[in-house]
Each structure stands twice: as structure tokens, then as C-alpha cells.
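A.B. asks: Whatever this is, show me its structure:
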Amino acid sequence: MPSTNRKRSALVQLETPNLIPERDLGHTPVLEAQHLGIEFGGLKAVDDFNIAMGRTEISGLIGPNGAGKTTIFNLLTNVYRPTRGTVLLDGVDTAGKSVAEVNKMGIARTFQNIRLFNDMTVEQNVLVGFGNAMTTHLLTDMLRLPGHWKQEAEFHERALELLDIFDMRGFADTWAGNLPYGAQRRLEILRALATGPKVLLLDEPAAGMNPAETEELMENIQKIRDEFQIAILLIEHDMSLVMGVCEVVGVLDYGRIIAKGTPEEIQNDPKVIEAYLGKQEVN
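C.D. replies: Prediction:
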């Protein structure tokens, strides 16, 4: 694995089977999953999943294909309702909430398969994310009263500021469907940020990117964490990204966490090596 000079906070073991960056001690975990599980037709897709994320933590979730990683994202955002267990956002139970309500509470995500509005411009895609922040009333917008124009100008400036994170201001008027693949990935992240999340879930953000783009993404993930002071949980197969940016890494296999620790610990864990490479026969 490539080495990195990026500084990480020391990890602290909580009473539950979770690790948290030292800088986030003294604050309630922003996201907690307690004994989370779901079954499909009697098959346990996720079993006893636990996490407690610090408010500025960057964590990774890795595992072989079919291990249940995206299913966990669907559970955390209430796309799926768990068979058992609890999800807490800022200490508030998300049970019974719709996907939109969970988003307003502070969880935003991207998807393994890009989901942009291809027939809208780059800026318009970002503006969609500001729906949670709208304060004008329907009548104000219908009649184009001064409050409507003031908020529209504010969101325009905020959208351009977000695009600056990935140096995409120059593409503001470009149709999203005309962007190169890597740029579409970046736009989806920016649209998620526009919702004002406390926790950002990234589902394979480096998929389809070349090494230079992945390195840039790594730097931008840290930049997003530092500027917005939010927690980031990512699913990724690109180990250079995971090991380079994540402070805590959990390894999922057959719906269960089999290992959790620092990137260095995970790289050398025999259970992780076996999950990826299979058990080696001894002659």
C-alpha cells in the first residue's frame, strides 16, 4: 500500500466495540448504529452491525463483493427498514422516518451508480440539494416576491462556492450528462453536500477514476471534512484511497464486521487477508 504523510488523530476505544478519533471525545457520536441487522427471505444480509462515528471522523467500510456494504448504507438512510437494531443521528432515533426526513436530519449519500439529473445543468443539480435550506413560502416563490429573488441569489452564490471545491465553477452551465465520468462523480458529492449533512456517505466514490483523480479525491475528502466539520463514511474497493484517507476501517464479510482498526492494523489482520484471498492451504 502507498505510504501517506496525512496526519490522523489518535483513536480511542469506546465502551461499545467502536473506535473514535481522540479529537471527537467529549462530543456525542454523530452517527450510531446499534446491533443493526436485516434479513431477506431468511438470509441475514447484515448481522449485528455496530458503529459510533465521531463528528469529524473519516471512516471506511470494505469487504468482498456481496458482503453487505451498500445494504448498510440503505439501512442508515432508511431505504431499508432494519429487521433489528437502532440507528441514531445526533442521539435521535431515525426509526419510522422517510428517506427524505433522514436526509433533512443530516445524512446525505452518493450512489454506486451515479444518479444525476442529466438534462439539468451542473449548477441546477447542486441547487436541487439546497431544498432542505429553503425558507421562502410557496406563495413568495409563485409571485416572485423580493424574498424569492434574494434567496435565489444566495443559493446561486453558494452553489458556485461548492463547485469551487472541485474546481468546477467553469462547468456551472454545462449539462450534467455531458460531463466526463470523473466529473459526474464529483458533482454527485457536491449535490450531497448542498443538503447540509452532518454525515456524508460515499458509495465507491473513486469508481472509474484513474490514479491521479483518486489522489485528488483523497485530498478533497479531507478538505470537505475540514471545511464543513462533518463525518464521512465511505465504501470503496480502491485500497489506496481507503488506506490513505480513512482513520478507522471496518471490514465486512457475509454481513458481519470481522475486523475494525486503523488502516495499518487492517492491512495486517489475518482475518481480513483470508476474507479477500481465501484461506491458504498448508501442505
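
A.B. asks: now the helices for the stretch 151-283 of the chain?
C.D. replies: 181-193, 211-228, 239-245, 263-267, 270-277 (DSSP state H, counting those that start in this stretch).

A.B. asks: Mean pLDDT lowest where, among the ones you listed?
C.D. replies: Here the lowest mean pLDDT among the helices of the stretch 151-283 of the chain goes to helix 270-277, at a mean of 79.

A.B. asks: Just the C-alpha atoms of it, please, in CSV.
C.D. replies: Output of helix 270-277 as CSV, limited to C-alpha atoms (Å, rounded to 0.1, in the frame of the first residue of the first chain):
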residue,chain,number,x,y,z
PRO,A,270,-5.1,-12.4,9.1
LYS,A,271,-9.0,-12.4,9.1
VAL,A,272,-9.0,-9.6,6.5
ILE,A,273,-6.4,-11.4,4.3
GLU,A,274,-8.5,-14.6,4.5
ALA,A,275,-11.7,-12.8,3.6
TYR,A,276,-10.1,-11.3,0.5
LEU,A,277,-7.7,-14.0,-0.6
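
A.B. asks: how about the strands in this protein?
C.D. replies: 11-13, 19-21, 31-40, 43-53, 58-62, 84-89, 92-93, 107-109, 199-203, 231-235, 248-253, 256-261 (DSSP state E).

A.B. asks: Make CSV out of those and add distance to L160 and mean pLDDT.
C.D. replies: Any C-beta I mention is one placed from the backbone N, CA and C, and that applies to glycine too. Output for the strands of the chain, formatted as CSV (distance: least, C-beta to C-beta, whole Å; pLDDT from 0 to 100):
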stretch, distance to L160, mean pLDDT
strand 11-13, 37, 61
strand 19-21, 32, 74
strand 31-40, 30, 95
strand 43-53, 30, 93
strand 58-62, 26, 96
strand 84-89, 29, 96
strand 92-93, 33, 96
strand 107-109, 19, 97
strand 199-203, 20, 97
strand 231-235, 23, 97
strand 248-253, 34, 93
strand 256-261, 39, 92
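
A.B. asks: Need those in TSV (columns: mean neighbour count).
C.D. replies: Listed next are those as TSV, based on neighbours: other C-beta atoms under 10 Å:
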stretch	mean neighbour count
strand 11-13	14
strand 19-21	23
strand 31-40	18
strand 43-53	20
strand 58-62	25
strand 84-89	17
strand 92-93	12
strand 107-109	25
strand 199-203	24
strand 231-235	25
strand 248-253	23
strand 256-261	18
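
A.B. asks: before we move on, the earlier item: got the helices of the stretch 151-283 of the chain as JSON lines, with distance to F111 and mean neighbour count columns?
C.D. replies: Shown next, in JSON lines, are those (distance: least, C-beta to C-beta, whole Å; neighbours: other C-beta atoms under 10 Å):
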{"stretch": "helix 181-193", "distance to F111": "7", "mean neighbour count": "21"}
{"stretch": "helix 211-228", "distance to F111": "16", "mean neighbour count": "16"}
{"stretch": "helix 239-245", "distance to F111": "17", "mean neighbour count": "21"}
{"stretch": "helix 263-267", "distance to F111": "25", "mean neighbour count": "17"}
{"stretch": "helix 270-277", "distance to F111": "24", "mean neighbour count": "14"}
